[in-house]
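1. With the input below, show me the fold.
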Amino acid sequence: MKAQADTLSATLFAIADPTRRSILARLARGDASVNELAAPYEMTLAAVSKHLKVLEGAGLISRTREAQWRPCHLEAKPLKAVAAWASGYERFWTRNLDSLGDYLKTMEHGGEVKPTSKGKR
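-> I've put the predicted structure just below:
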């Protein structure tokens, strides 16, 4: 379980940065070189390389060699773990959104809102 938590932490850390999320979005469209990935940003290749190292360390990208070209490739499996973790909160959000919907329907019909057993509306 600890290894899964460490992997999830590394993935969440990697995707916390907007530049790295943008790089992943670009790689979702296809493999790209470091120069291609760096083109949209006003930063040095060294700075982009640091972002790529974080993504690679989290297992979100891999690099291969094709002659002189060293493309970066998206590895989406760690993102599946993030999605699974976040989906654990779906029941919470669904329950709260259902309560909000009930409340709004009651208010729309001019009805009185009755508190729940815990005093919530």
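2. any idea of the mean pLDDT for whichever strand or helix holds L100?
-> Taking DSSP states H and E as the definition, L100 sits inside helix 90-108. The average pLDDT for helix 90-108 rounds to 76.
3. now swap in stretch 12-29 and tell me
-> Here the average pLDDT along stretch 12-29 is 97.
4. just how off-centre is it within its chain?
-> Its chain's C-alpha centre lies 8 Å from the corresponding centre of stretch 12-29 when counted by CA atoms, centre = their mean, to the nearest Å.
5. Likewise for stretch 32-51?
-> That offset, for stretch 32-51, works out to 20 Å (CA atoms, centre = their mean).
6. next one: stretch 26-33
-> The answer for stretch 26-33 is 17 Å, by CA atoms, centre = their mean.
7. and the end-to-end length of it?
-> 11 Å (CA to CA, to the nearest Å).
8. can you list contacts of it?
-> E36, L37, P40, I61, W69, R70, P71, C72, H73, L74, A76 (CB atoms under 8 Å, 6 or more residues apart in numbering). Just so you know, the C-beta spots here come from the backbone N, C-alpha and C atoms, and that holds for glycine as well.
9. can you pull the buried residues of that stretch?
-> R26, L27, D31, A32 (16 or more other CB atoms under 10 Å).
10. what does stretch 31-51 give?
-> Those buried within stretch 31-51 under the rule 16+ other CB under 10 Å are D31, A32, L37, A38, V48, H51.
11. Tabulate the buried residues of stretch 26-33 in TSV, adding columns for secondary structure and distance to S87.
-> Output for the buried residues of stretch 26-33, formatted as TSV (DSSP: H, G, I helix; E, B strand; the rest coil; distance: CB to CB, whole Å):
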residue	secondary structure	distance to S87
R26	helix	26
L27	helix	23
D31	coil	29
A32	strand	30
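12. residues touching the residue nearest the centre of the chain, list them.
-> With distances taken as CA atoms, centre = their mean, the residue of the chain nearest its centroid is I15 (5.7 Å). For I15, the contacting residues are R21, L24, L60, L79, V82, by CB under 8 Å, 6+ apart.
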